[in-house]
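Undergrad: Need the 3D shape of this:
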Amino acid sequence: MTREVYRTTDAPAPVASYSQACAIGAVIAVAGQVGVDPSGAVVEGGVVEQSEQALCNVEAVLAAAGATLAEVVRMDCYLTSFDDFADFNDVYARWFPAPDPPARTTVVVGLAPGLLVEITALAVRGE
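TA: Numbers count the residues shown, from 1 in each chain. Modelled structure (predicted):
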């Protein structure tokens, strides 16, 4: 199988040497998406606004690869402060409601200045 690369202008352009998404067969890996709008500006507000934007970016990249949020099987979520966990979780739960959200890992890390959240996704396209 050949690796496919996907790009969209509906999410921020990569700022380093990586692709917005890559796939082999039905499996799609979405690179970390942050609270930056497609023009490259960090969204104003806090973790709620940045989480919404990061998830919008994930959705846009998945769409470019021919997939949807419903096909996501795993999310890796990175926060800069554990104090933001409850607010982040509220936003996330609206996008992926119970009883069957994807598998998820959430950890606290250091991100670039001004960024509060980063989210990666792994999806499997339906046939």
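
Undergrad: burial measure for the residue nearest to residue 36 when sequence neighbours are not counted, as a count.
TA: For residue 36, ignoring the flanking residues on the chain, the nearest one in space by Cβ to Cβ, 6 or more residues apart in numbering is residue 12 at 4.6 Å. Bear in mind the C-beta positions are built from the backbone N, C-alpha and C, glycine included. One way to gauge burial is a neighbour count; for residue 12, by other Cβ atoms under 10 Å, it gives 23.

Undergrad: Just the buried residues of the helix or strand hosting residue 118, please?
TA: Element membership of residue 118, judged by DSSP states H and E, is strand 117-124. By neighbour count, and taking 16 or more other Cβ atoms under 10 Å as the criterion, the buried residues in strand 117-124 are 117, 118, 119, 120, 121, 122, 123.

Undergrad: Tell me who's in contact with residue 112.
TA: residue 34 (Cβ atoms under 8 Å, 6 or more residues apart in numbering).

Undergrad: that older thread, show me what the strand holding residue 118 is packed against.
TA: Of the remaining helices and strands, those touching strand 117-124 by 3 or more Cβ pairs under 8 Å, 6 or more residues apart in numbering; DSSP states H and E are strand 27-34, helix 47-64, strand 72-79.

Undergrad: and residue 125, how many neighbours does it have?
TA: Close neighbours of residue 125, defined as other Cβ under 10 Å, add up to 15.

Undergrad: Now do the same for it: its pLDDT.
TA: The per-residue pLDDT reported for residue 125 equals 94.

Undergrad: for residue 47, same thing?
TA: Note for residue 47: predicted pLDDT of 98.

Undergrad: Just confirm it contacts residue 77, I think it does.
TA: No: checked against Cβ atoms under 8 Å, the pair residue 47 and residue 77 is beyond contact range at 11.0 Å.

Undergrad: who touches both of these two?
TA: Common neighbours of residue 47 and residue 77, counting by Cβ under 8 Å, 6+ apart, are 88, 117.

Undergrad: pLDDT weak spots in this structure?
TA: Judged by pLDDT under 70, the chain has its weakly predicted residues at 127.

Undergrad: Could you rerun that using 90?
TA: 1, 15, 98, 126-127 (pLDDT under 90).
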